[in-house]
Structure formats: C-alpha cells, structure tokens
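Student: could you work out the structure for the sequence below:
(one chain, ligands or ions: 1)
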Amino acid sequence: MDRGVIELFVCPECHSPLRAEASPSAMNNGSIVEGRLACASCGRSYPVVRSMPRFVPTEDYARTFGYQWNRFHQLQLDAHMHNDLSRERFFATTHWPERMEGQRILEAGCGMGRFTQIALETGAEVFSFDLSNAVEANLRNNGSSGRAHIFQASIYQIPLRRESFDKIFCMGVLQHCPDVRRAFLSLVPYLRPGGEIVIDCYQRRTGLFPPFKYWVRPWLTWMGPVRIHKLLSWTIPPAFELKKALYKFPFVGKPIGNLIPIGPVSHKPKLDYTDEELKQVKILSALDMFSPVHDHPQTLEMVGRWFDEAGLTDVYVGTGFNGINARGKRAVQGRVAHAGS
Ligand SMILES: [Zn+2]
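Tutor: A predicted model of the protein is given here:
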C-alpha cells in the first residue's frame, strides 16, 4: 500500500487515525508490502498482507465470491477478453465522464476488478475494497496502477475518513449483503458534499412465480462454491455440445435445444468467444447465481426510499443492466443519515 494515502484510512472500530508499522525490508519504493496499521486510540491493529491492508479477520458471507473471483479472475475483464462489456455497463450506469483526473473514487465490492479497471482508465484515483479475498485477484489485475488502492474491508465498517470521495460506486454487490438497506446507507457518509453515488441492484420481480434461479438456489447453495463449481463443470459443457448439435437441425432439433436452459450457444457477431470461453462464461454465470450466501432483490420503491432516507438530491432510480440503477448527489449542505439510524 502507498504510504501517501495512509492518512485517508482510519480505524474501522473507533474512527481514529492509523499509524504504519513496517520494517524497511518490507517496503518497496515507498509502498508497504508487509506490516501493520496500528490505531493510536484503541490499540487495535490491522495487518498489511501482500501490499493490501486487511480490516476483516474472515471473508464471512462473501467467501463464495473469494472462490469465484480467484478462480475466474480474467473472464469478465475487458482488457483480457478484448471486449467492452464492463466499460459499457460502467458508463451506462454511472453517466460519469470518460476523463476524471484529479477525482477520488470509492468502489465498494470490487471482486476481481472488472470495474476498477474502467474507473482507473478515467485517470481518477480509485479506492477499491471487497469483503472477500477477491482483492487478491483485483491486485493481480489492477495493482500495477499507482492510482489503485485496494484493501479488504466490510461495507458496514469502511475504514476511511468520511466526506473524502468525489464519487462512490457499488455495482453487482448490494443484493449480496445481508442487510441491503444498511449496506447502502453506510456508503453515503464517505461522499464529500456535492459528491455523487451510483449503485445497481437486482430487481425483485412481482408476480406469482419467482424466476428459475430462486427455485434452484435452495437445492444448491448449501453445497458451497467448490462443489457447485464441480457440478456445473460436469453438466454445462455436455449440455452446450448437445444444444449446439441440436441447433444444426432447425425444424426438429432447435425447439428441443431451446429447452436446455443455458442461454445461447453463440454471441456472434457482437462477441467473439471461442466455444471453450463460452462454456466457462456459462459456468461462471451459473456459479454466480447459485453460490452466493445472500441474494436479496429489491424494488424501485425501496431503493427510492433509501435515497430519500440518506438525504440525497438529484435522485434517479430506474432500470438498467443489473436490474435497478440509481444515482444521487450529496447536498452541499445538509443532513446525511448514517447506517442504522
Ligand atoms: Zn481504533
């Protein structure tokens, strides 16, 4: 971690400043590779392991994502896959400018860093955290940028000075927190007055029957990510080959192939995946549906209420890439609700 940003970090328990403790041999060009951040007030200390400060002792409910994003650390990375999927979703959701030099951005729930990479490309300074050890994958993907500050922490106890960020984003994350409203509200105090927060969240479908995923989850989630991944690796590739073979017979085979619930067998011409890549994309997307401990979709009304509760202005709540998209600004002067209030 860059010594120059330590003053932005505080103790997540008592919000007091932290002091770096590292031997000269554990430093590299002004960065701390191994050491500790010690709280001057309550005496707690937090290890810096492989250049990242760790403010949580375990991955807790996010352990499935630690497995998922270290196992699939590049499959959703634009730079690796030579596509623009993450870039398109980032700008369609945030409506932020392509250049943001001099701005400080906070990313809550970074996973392996698909959006960290896009935020860094704008020229901004980016602070990214995750509860899981997916931060290891993010460091591998984005750690070479001097503007990436990656750490492991809980969204409910963010170890940063309040009112320090021009922008905050949290994408693909909130529905996987045990208390979604409290997770959202805990982000807002880190915005500087006038700063903007953008989130997305799964949308709860109203109607008699919940989507297929919510029928299957109770049968699979208890198995844990390793066994679910194994099961998907045994079943999805043969199902893919069968579907592809059936599609060669448009009148008889295709309708039968359509019954195999693994999505399309080609994304051409938009995306040029090989068959092997496409099988892995399907395995990852099924793992992402079935393994998370928490999956709590929300309604537009509920999300709108959180933004009101947080005292945000210029609020937009609508639908988009991940279900619900929402944006709001912190008033230049005024009250900000804190989590749990
Ligand atoms: Zn403390």
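Student: with adjacent residues omitted, what lies nearest to the residue of the stretch 151-300 of the chain found nearest the ion?
Tutor: Using C-beta to the ion, the closest approach of the stretch 151-300 of the chain to the ion is made by residue 159 at 9.7 Å. In this view, the C-beta of every residue, glycine as well, is placed from N, C-alpha and C. Once flanking residues are discounted, residue 159 sits nearest to residue 12: 4.1 Å by C-beta to C-beta, 6 or more residues apart in numbering.
Student: residue 142 against residue 136, yeah?
Tutor: No: contact between residue 142 and residue 136 fails when scored by C-beta atoms under 8 Å: they sit 11.6 Å apart.
Student: give me the common contacts of these two.
Tutor: Common contact partners of residue 142 and residue 136 (C-beta atoms under 8 Å, 6 or more residues apart in numbering): none.
Student: follow-up on the earlier one: so what's the residue nearest to residue 159 up against?
Tutor: Residues in contact with residue 12 (C-beta under 8 Å, 6+ apart) are 55, 153, 154, 157, 158, 159.
Student: same check on residue 303?
Tutor: Counting by C-beta under 8 Å, 6+ apart, residue 303 touches 199, 201, 317, 324, 326.
Student: all strands for the stretch 51-200 of the chain, in order.
Tutor: Counting by DSSP state E, counting those that start in this stretch, residue ranges of the strands within the stretch 51-200 of the chain are 52-53, 104-108, 125-130, 148-152, 165-170, 191-201.
Student: what would these look like in TSV with mean neighbour count and distance to residue 96?
Tutor: Listed next are the strands of the stretch 51-200 of the chain as TSV, based on neighbours: other C-beta atoms under 10 Å; distance: least, C-beta to C-beta, whole Å:
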stretch	mean neighbour count	distance to residue 96
strand 52-53	24	25
strand 104-108	24	9
strand 125-130	27	12
strand 148-152	25	17
strand 165-170	23	7
strand 191-201	21	8
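Student: export the ones you listed as CSV, with columns for mean pLDDT and distance to the ion.
Tutor: Formatted as CSV, the strands of the stretch 51-200 of the chain follow (pLDDT from 0 to 100; distance: least, C-beta to the ion, whole Å):
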stretch, mean pLDDT, distance to the ion
strand 52-53, 97, 14
strand 104-108, 98, 21
strand 125-130, 98, 18
strand 148-152, 98, 16
strand 165-170, 98, 21
strand 191-201, 97, 23
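Student: residue numbers of this protein in contact with the ion?
Tutor: Taking C-beta under 5 Å from the ion as the contact definition, the chain meets the ion at 11, 13, 14, 16, 39, 41, 42, 44.
Student: not counting residues beside it along the chain, what's closest to the fifth one?
Tutor: Yep, that's residue 39 we're talking about. Spatial nearest neighbour of residue 39, chain neighbours left out: residue 11 (3.9 Å); criterion: C-beta to C-beta, 6+ apart.
Student: quick one: buried residues of stretch 228-237?
Tutor: Buried positions in stretch 228-237, judged by neighbour count with 16 or more other C-beta atoms under 10 Å: 228, 229, 231, 232, 236, 237.
Student: how far out from the middle of the chain is stretch 231-245?
Tutor: With C-alpha atoms, centre = their mean, to the nearest Å as the basis, stretch 231-245 stands 28 Å off its chain's centre.
Student: mean confidence score for that stretch?
Tutor: What stretch 231-245 shows for mean pLDDT is 95.
Student: show me what that stretch is in contact with.
Tutor: 220, 223, 253, 257, 260, 262, 265, 275, 278-279, 282-283, 286-287.
Student: and which of those is nearest to residue 21?
Tutor: Closest approach between the contacts of stretch 231-245 and residue 21, by C-beta to C-beta: residue 287, at 38.7 Å.
Student: just the helices in the stretch 201-341 of the chain please.
Tutor: Ranges of helices within the stretch 201-341 of the chain are 212-220, 225-246, 253-257, 275-290, 300-309, based on DSSP state H, counting those that start in this stretch.
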